[in-house]
Structures are given as C-alpha cells and as structure tokens.
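Undergrad: this is the structure alone, sequence omitted:
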C-alpha cells in the first residue's frame, strides 16, 4: 500500500466515500442529487463515487424519479452477504467482529489470551474465532472482502512492520500482514490500535460530526489516535500519537523504548499494577478497575497520580492541535469520572483557558470494541482507495 499524505488525492477520495456512506447510513436510500446536497460534494464527484462503489459491491443503483425527473437511487448493500472482519489484539485479549458495508455489526466475539502470548498463537486463535463467526452468520469465506487488524504498537507504513520500542517485545519483527494472509487467504490491512480506535469513535461513537478528535488509549501501553480535519492522521511514516513516550518524570522509571520517565512507564496500567504490587494483592487490570470503583484508597491514589500525568501530556497535545474532543479508551474508561476528574484538573493547568473550554474530555462508550471495529472500517476505507 502506497504512503498517503493527509492532503493527497487518494486520502481526499477515501474521505469523500466515507461521507457518502455516512449519509446513506443516516437517511437510507437516496438519489445522487440528495447525496450531493447532504455531503456538499459536487454531483460529478457523487456520480464517480457511487459508480465505483457499485462496481465494488458496496451499493445498488436503481432507476427512480425525483421531482418528476429520472434519477438513480443509491442504497447500501447489507443483505448480499459481503462483510469485512476486524481483529483487535490486546495485551491479554482478542476481539473479532464482522461488519456489513453500512457499518452494521453482524457478529462479534472476544476471548482472553495468556500473558505474553506468542502473536503467531494469537493469529491461529483469531482464525478459529473468525471461522466460527462466519459459520454463525452463514457467511462464506468468498464473501469476506478483507480483514483489518489492530496491534498494540506503531506501524512503519513503509514496510508495514511493527516499530521497535513502541510495541511489546513479543510483536517485534513479526510480519503481521504476511502471517495472517497466509492463514486466512484474504487481503489483510494493518494499523495501530489507537489509530483504529479513533476511526471507530467517529463511526460507532457519538462523534460522527467531529472533525478534530484525539483517541487516547490507556492500557498496558499508552498511545493516541488522531482525527485531524476529518481524516485519520498518520504522519510521514505512520509513527504518530506516541504520547506514551513523552517524558514526564526526569530520570524516572525505565521504559521499553529505551528512555526513562515516559508517560507509559509512569501512568499505564502496567505501571499502576507495579506500584500497587507491594501494598495490595491486585495483579490484574480487572481487579484494579473493580477496586477503583470500590474507592480503594491505595488504588485511588495511584489512579489520581496517573490521571495527573496523563492530563499534563494531553494538555500539551491540545495546545498544539486544539481538538474538539479527547476520548479516553481502554479499560480505564470504565472508571468514568474517577479517572476523568484528575485528568481534567491537570489538563486545565496546562492549556490556555480558551483551549480548555473548547475541548471535551470524555470516556469511550465502546468498551474494548473500538480497535476491532476500526479495523473492520479500515477494510472498507482501503477498498475505496483501490477502486476510486
């Protein structure tokens, strides 16, 4: 896949197709003239987009009349069996989803993985789960248009390999695309989990109308996915949003990237569990979240400290980007105000009042589904690149 700049023709065409899809999802079958009015695109652009979408099996085109004139009705296809799959790999979990072209979720399943699992074992399990979901929905492998994959680390878009220092050691030097295409026999597209989470928030979350959004994934690692001017931002080589490797404590805890005192080393869930290990029996993310909700004193102090550091870094980020919304994703989103309040307090101390007032910091409503959902959406976005 060729590299794309955010302002390239390919990127613009992809975004235009997404606008058409979003309009069709919202209002149903529409004439091309209606789509032009709803999206603000020219009738010629709409005609070109829907023609290629029809060739790719994403929409049907039916003759109709509008205001007494001949027209073409455009309808998204969901009953033709075509689906895209999304696979999200976490530190300890795997989620697989099947999604129709109109972004309706056909099926999904999540399973727990062993600590420090071999990614290749994860690929085998993903194939098993995907096979099960296809069988459950009566969908053939031939109807699978592609598979999107999210992993916990940045991707170098020049060779689509995980970037050492941003990814857990088990994923280093693993050619995810080749490994999965060999197993599945369908095209595979790959991205960072936070990038995919940001895409999912604009489709399945309540932020479809937001043009500048930051999705902050806080889990075993910390990273940010960026939507800028209505498009995912991937930078020159794909390594963007690595806020987890911003230094927040000089000469602090050693980080896997090779530096010290990074946000990830000081405020990730892994860092929180390490701090709690000497004073509580809490050893898992689930236990940490449960104890925080029960307002365990030691856990609340650790959450407060992490929120303060996170707020400082996203404050710096907001000062540069001025997003409309910052969405907290990952397991800590379940804490709601318990984590959002310390983030907001720190955030307010590190930005101009005008930026603070213009930026909402909220918890994701997608639980741990965002990365897999965004991965499925990536399949359709890449299809738009290939056919337009």
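TA: Structure received. These figures come from a predicted structure and were not determined experimentally.
Undergrad: by mean pLDDT, flag the weakest helix or strand of this structure.
TA: The helix or strand of the chain with the poorest confidence is helix 9-27; it has a mean of 73 (mean pLDDT, DSSP states H and E).
Undergrad: what helices or strands is the helix or strand following that helix leaning on?
TA: With elements assigned by DSSP states H and E, the helix or strand that comes after helix 9-27 is strand 30-31. If you count contacts as 3 or more C-beta pairs under 8 Å, 6 or more residues apart in numbering; DSSP states H and E, strand 30-31 packs onto strand 69-76. Heads up, the C-betas are built off the backbone N, CA and C, glycines and all.
Undergrad: in the sheet, which strands lie alongside the strand it packs on, parallel or antiparallel?
TA: Here strand 69-76 is paired, per DSSP bridges, with strand 30-31 (antiparallel), strand 59-66 (antiparallel).
Undergrad: how about stretch 282-296, which residues are buried there?
TA: Across stretch 282-296, burial judged by 16 or more other C-beta atoms under 10 Å covers 282, 285, 287, 288, 289, 291, 292, 296.
Undergrad: now stretch 97-106
TA: 97, 98, 99, 100, 101, 102, 103, 105, 106.
Undergrad: can you check stretch 136-146 too?
TA: For stretch 136-146, using 16+ other C-beta under 10 Å, the buried residues are 139, 144, 145, 146.
Undergrad: state the distance from the first one to residue 132.
TA: As for residue 139, its distance to residue 132 is 11 Å (criterion: C-beta to C-beta, to the nearest Å).
Undergrad: equivalent analysis for residue 219, please.
TA: 25 Å.
Undergrad: compare these two (neighbour count), which wins?
TA: Taking other C-beta atoms under 10 Å, residue 219 and residue 132 do not tie; residue 219 has more neighbours (24 against 13).
Undergrad: which residues touch the more buried one?
TA: By C-beta atoms under 8 Å, 6 or more residues apart in numbering, residue 219 lies in contact with 90, 91, 152, 268, 269, 285, 330, 331, 332.
Undergrad: how close does it get to residue 92?
TA: Look at residue 219 and residue 92: by C-beta to C-beta, they are 9 Å apart.
Undergrad: from the buried residues of stretch 282-296, which land in helices?
TA: 285, 287, 288, 289, 291, 292 (DSSP state H).
Undergrad: what's the pLDDT at the last one?
TA: In this case it means residue 292. In this model, residue 292 is scored at 96, pLDDT.
Undergrad: repeat for the first one
TA: For residue 285, the model assigns a pLDDT of 92.
Undergrad: got the contact list for it?
TA: 92, 219, 269, 273, 331.
Undergrad: let's see 6 Å
TA: Taking C-beta atoms under 6 Å, 6 or more residues apart in numbering, we find residue 285 in contact with 269, 331.
Undergrad: now the spatially closest residue to residue 307 that is not a sequence neighbour: which helix or strand?
TA: Excluding the flanking residues, the one nearest residue 307 by C-beta to C-beta, 6 or more residues apart in numbering is residue 342, at 2.9 Å. Per DSSP H and E: residue 342 is located in helix 337-349.
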